[in-house]
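1. A predicted structure for the sequence below; I have some questions about it.
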Amino acid sequence: MQTYVYYIAEKIDGAMEMQRFAHPIHVGLVSAEDHEAAYCAVLEDLRPTFADAPQHLEVRFEVVNPPRSGSGVWRHGKPIDTDITFTSSD
């Protein structure tokens, strides 16, 4: 089981990655076996929110690891970017 911090940003044509994720529309934590399972969990959590107004979103996941000595700063890994597109069929 791994813990991920995830950032959700609107996918806007022409906007650079740093601009999109500088001010994400949501940040959260999810625990899952791998990033695909984390993606599915976040997708299912978001589905009711965007059911009436589908939009292009991008999600960035980062694995986070607790400090070795109990208290301290959690470490994070390289981002895993994933697109989410809700359509009228969702």
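-> Yep, that arrived.

2. My reading is that residue 45 is in a helix; is that accurate?
-> Yes - according to DSSP: H, G, I helix; E, B strand; the rest coil, residue 45 belongs to a helix.

3. ok, it - how many residues close by?
-> Residue 45 has 12 neighbours, counted by other C-beta atoms under 10 Å. Placement of C-beta: from N, CA and C, glycine included.

4. and the gap between it and residue 39?
-> 11 Å (C-beta to C-beta, to the nearest Å).

5. try residue 60
-> In terms of C-beta to C-beta, residue 60 sits 11 Å off from residue 39.

6. which residue sits farthest out from the middle of this protein?
-> residue 69 (27.4 Å; C-alpha atoms, centre = their mean).

7. Report the separation between it and residue 5.
-> Residue 69 is 21 Å from residue 5, by C-beta to C-beta.

8. Over to residue 64?
-> 5 Å.

9. hey, what's in contact with both of those two?
-> Residues touching both residue 64 and residue 5 by C-beta atoms under 8 Å, 6 or more residues apart in numbering: 29, 76.

10. Point out where the protein drops to low pLDDT.
-> For the chain, the stretches flagged by pLDDT under 70 are 18, 50-51, 78-90.

11. Show me where it has its helices.
-> For the chain, the helices defined by DSSP state H occupy 17-22, 35-46.

12. What helices and strands are in contact with the shortest one?
-> Packed against helix 17-22, as judged by 3 or more C-beta pairs under 8 Å, 6 or more residues apart in numbering; DSSP states H and E, are the following elements: strand 2-10.

13. try the longest one
-> Here helix 35-46 is seen to pack against strand 2-10, strand 26-32, strand 56-65, strand 80-85 when contacts are counted using 3+ C-beta pairs under 8 Å, 6+ apart.

14. Which one, of those, ends up nearest to residue 19?
-> strand 2-10 (8.9 Å; C-beta to C-beta).

15. Pull the distance from that closest one to the chain's centre.
-> Relative to the centre of its chain, strand 2-10 is centred 3 Å away, using C-alpha atoms, centre = their mean, to the nearest Å.

16. Name every strand pairing with it and say which way it goes.
-> strand 26-32 (antiparallel), strand 56-65 (antiparallel) (DSSP bridges).
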